[in-house]
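Participant: okay, here's the prediction I keep looking at, along with the sequence it came from:
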Amino acid sequence: MATAATTAAAVPAGRHQHRHHLGLRPCPNPRRLHRLRLPASVAFSSPSAPSTSSSSSLSAPATPPPEGGGRLVAELVGVFNELTGRMGEGLATTSSSRLLFRALKLALPALRDGDGGQALTRALAVAATLADLQMDAEVISAGILRKALDAGTISMSDVEAQIGTGIADLLHESLRLKVAPSKVDVLDDESASSLRKFFLSYYDIRAVILELSLKLDTMRHLQYLPKHLQRVKSLEVMKIYAPLAHAVGAGNLSLELEDLSFRYLFPHSYDHVDQWLRNREAECKLLINAYKAQLLQALKSDDELNEIVQDISIEGRYKSRFSTMKKLVKDGRKPEEVNDILGLRIILDPRCDGGSSDWGPRACHRTHEIIRALLKEVPGRTKDYVTQPKRNGYQSLHVAIDVSEPGKTRPLMEIQIRTKEMHRIAIGGEASHSLYKGGLTDPGEAKRLKAIMLAAAELAAHRLRDLPASDHRGGECKNQAFCLIDKNGDGRISIEELTEVMEDLGAEGEDAMALMHLLDANSDGSLSFDEFESFQRQVELMRSLEDRDDHYTKILKDKLQTIDSAGLIHFYRKELGDKLLVS
Ligand SMILES: Nc1nc2c(ncn2[C@@H]2O[C@H](COP(=O)(O)OP(=O)(O)OP(=O)(O)O)[C@@H](O)[C@H]2O)c(=O)[nH]1
Ligand SMILES: Nc1ncnc2c1ncn2[C@@H]1O[C@H](COP(=O)(O)OP(=O)(O)OP(=O)(O)O)[C@@H](O)[C@H]1O
Ligand SMILES: [Ca+2]
Ligand SMILES: [Ca+2]
């Protein structure tokens, strides 16, 4: 294997000078720059099981699962618990739960029988995607209601009257967005790019995220549409929605959208690329690891570099199907002409980084020298964005390395060299990877989008914040579903309260009586907290046993965790979480 056979000793000898002999400008002291802290990572820690789950939840139920109207309540409680469980810490405030509960009561009956039994499953999958994108209760509720609106089983005035104007506004906005692409005659690169910018600038950004989740739902069920519509929708997704998902920081959602649209648009090339990458995958991954280890050793043993840096790390990656496909489609390249199939990224931690110090660039250039001495650099392919940063502030030095052996050609390997500070900007700053992938490389625009996202969080927090006086339990509620049904807050669910929720779900009055008989273990005519919890355990068991819900359950369990740690959604979620916390 023609890996970096030369050892570090072959590298031009480090000059062993003291720091100022290297011609470095002195390191301003102490830590001179207001170092922006990376935003704390988002808590994805929403429990996968509803809050009421316990080890006993899988034991056989004391009473048989309810039938008829009881089943509707079971469905409501089950779905409610799943979604609030996925909403992430801090977002499921009492006001949020109330809103979601109301939305579910309106949407579940409206969706139950539609689309050959698929309508409800699909609406709930949309809701799950939105919850995993760390969206708030308004957006999640709007996702479910939009499916009911599209099915024609509820109207906008139902939403306004029963849920509120906040959600109705969001839905109006999402409906406006839905038709926007049809206003463009030709979907070339330019119009697609302006459409994406238009979406982000002129529409409520939460409606854009809602639309993205709905698009994912459409793409997952594209097989039911006629061929020409499959192509039109896939093209829209590839040109507008997948880059938009990248731009807002929903990386995995974007990958799934790309994958699905590529498969429909170019089934043959998709298979071809998939096959091509698969055939080389094992060998290339070994090569990546071998080069990584050898480079790290060479860099760490170079005295000159070690004078400048205090730490060096290297990341490696093998390019994904979709990302490779995109390059092929973009300019008609062959897979072997994609020059970053194998990728390494060297991240240097200079003893003094950023500001007016030139230690960072010096470290990058010294690293480049070491690589040149060690590996076969492809002439004319080097890009020095360290000396000449891109307009968006992106800095990194890129070299292409020929890793072929005699008689064995291989794809090129790209090595990116950057400092920690440059990396921070590339990941989360205005040159962020999600904006780069989303085709939004203008820093002014990136700043503005972030401001819009933060303003949206402020507004949402305003509506979802709990007002202490408005809650007769003072915010104390061990079981949200119980408290929402127990309207008068006396700690018991009366027959009137049960009847009310069942009527909202479209069940008959006498069904409430039957359910009460079934669940009221001590026959006192009302449901205590414990009696309700035992019902919930049955609901969970029932859901886990149901074949019909297999698909939905899988989607729910298969948590997407789709948000980038530095994308716009991340900022939204963090801001909203902070705002709800202080209320
Ligand atoms: N985060 C971020 N990464 C960037 C940006 N520009 C380039 N990159 C990264 O650098 C890699 C290579 O970019 P370039 O050297 O400009 O190469 P290119 O002309 O896009 O290369 P090919 O399309 O592969 O020929 C990309 O694949 C990204 O990983 C940017 O603005 N932001
Ligand atoms: N040379 C590299 N070494 C290590 N990681 C990389 C390298 N290039 C990209 N990555 C990372 O791999 C992930 C997937 O990126 P992807 O390959 O889809 O795009 P890209 O190479 O950055 O951009 P483009 O497709 O425009 O070349 C991202 O997290 C990206 O930061
Ligand atoms: Ca009560
Ligand atoms: Ca009782």
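Facilitator: Noted; the coordinates are in hand. Ligands and ions are numbered 1, 2, ... in the order given.
Participant: thought residue 400 was touching residue 383?
Facilitator: No: between residue 400 and residue 383 no contact is recorded; they are 9.1 Å apart, counting by CB atoms under 8 Å. Where C-beta positions appear, they are placed from N, C-alpha and C, glycine not excepted.
Participant: tell me which of those two has more neighbours.
Facilitator: Ranked by neighbour count (other CB atoms under 10 Å), residue 400 and residue 383 place residue 400 first, with 19 against 14.
Participant: three-state assignment of that one?
Facilitator: strand (DSSP: H, G, I helix; E, B strand; the rest coil).
Participant: how many residues are close by the residue nearest to it when sequence neighbours are not counted?
Facilitator: Nearest residue to residue 400, sequence neighbours excluded (CB to CB, 6 or more residues apart in numbering): residue 381, at 3.8 Å. Per other CB under 10 Å, the neighbour tally for residue 381 reads 14.
Participant: which other residues reach stretch 503-515?
Facilitator: Residues outside stretch 503-515 that contact it (CB atoms under 8 Å, 6 or more residues apart in numbering): 66, 68-70, 72-73, 76, 105-106, 108-109, 495, 498-499, 502.
Participant: return the set of buried residues in it.
Facilitator: 504-505, 507, 511-512, 514-515 (16 or more other CB atoms under 10 Å).
Participant: do that stretch and ligand 4 meet at all?
Facilitator: No: Stretch 503-515 is not in contact with ligand 4 by CB under 5 Å from the ion; minimum separation 12.3 Å.
Participant: now do the SS call for residue 314.
Facilitator: Of the three states, residue 314 takes strand according to three-state DSSP.
Participant: state which helix of the protein is the longest.
Facilitator: helix 267-300 (DSSP state H).
Participant: name the helices or strands packed onto it?
Facilitator: helix 251-265, strand 309-318, helix 321-331, strand 342-350, helix 359-374, strand 413-419 (3 or more CB pairs under 8 Å, 6 or more residues apart in numbering; DSSP states H and E).
Participant: okay, the angle between it and strand 342-350?
Facilitator: Angle, helix 267-300 to strand 342-350, by axes from the mean of the first three to the mean of the last three CA atoms, to 10 degrees: 30 degrees.
Participant: in helix 267-300, what counts as buried?
Facilitator: Applying 16+ other CB under 10 Å to helix 267-300 flags 269-270, 273, 276-277, 280, 284, 287-288, 291-292, 294-295, 298-299 as buried.
Participant: stretch 160-167 too?
Facilitator: Going by neighbour count (16+ other CB under 10 Å), the buried part of stretch 160-167 is 163-164, 166-167.
Participant: in this structure, which helix or strand is least confident?
Facilitator: When the helices and strands of the chain are compared on mean pLDDT, DSSP states H and E, helix 550-557 comes out lowest with a mean of 48.
Participant: just to revisit the earlier point, redo the buried residues of stretch 160-167 as CSV? Include pLDDT.
Facilitator: Compiled in CSV, the buried residues of stretch 160-167 are given as follows (pLDDT from 0 to 100):
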residue, pLDDT
163, 92
164, 88
166, 85
167, 91
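Participant: which parts of the stretch 251-400 of the chain sit against ligand 2?
Facilitator: Contact residues, the stretch 251-400 of the chain versus ligand 2 (CB under 6 Å from any ligand atom): 315, 317, 319-320, 323, 327, 340, 343-345.
Participant: most neighbours of all the residues you listed, which one?
Facilitator: Sorting these by how many neighbours each has (other CB under 10 Å) puts residue 344 first, at 22 neighbours.
Participant: who's that one bridged to?
Facilitator: residue 316, residue 415 (DSSP bridges).
Participant: that one and residue 412 touch, don't they?
Facilitator: No: assessed by CB under 8 Å, residue 344 is found out of contact with residue 412, at 11.5 Å.
Participant: just the helices and strands packed on helix 267-300: most buried one?
Facilitator: For the helices and strands packed on helix 267-300, the largest average neighbour count (mean count of other CB atoms under 10 Å) is found in strand 413-419, namely a mean of 24.
Participant: anything in that one near ligand 2?
Facilitator: Yes: part of strand 413-419 sits near ligand 2 under the criterion CB under 6 Å from any ligand atom, namely 414, 416.
Participant: report all helices and strands that that strand contacts.
Facilitator: The contact analysis (3+ CB pairs under 8 Å, 6+ apart) places strand 413-419 against helix 267-300, strand 342-350, helix 359-374, strand 397-401.
Participant: helices along the stretch 451-583 of the chain, start to end?
Facilitator: 480-485, 495-504, 509-519, 529-545, 550-557, 568-582 (DSSP state H, counting those that start in this stretch).
Participant: in the second one, which residues are buried?
Facilitator: To tie it back to what came earlier, the one meant is helix 495-504. Buried residues in helix 495-504 (16+ other CB under 10 Å): 495, 497-499, 501-502, 504.
Participant: what distance do you get for the closest residue to residue 486 other than its chain neighbours to residue 117?
Facilitator: Closest residue to residue 486 apart from its sequence neighbours, by CB to CB, 6+ apart: residue 493 at 5.1 Å. Distance of residue 493 to residue 117, given as CB to CB, to the nearest Å: 30 Å.
Participant: go on, residue 369?
Facilitator: For residue 369, the distance to residue 117 - CB to CB - is 65 Å.
Participant: residue of this structure with the smallest distance to ligand 2?
Facilitator: residue 343 (2.8 Å; CB to the nearest ligand atom).
Participant: lovely, talk soon.
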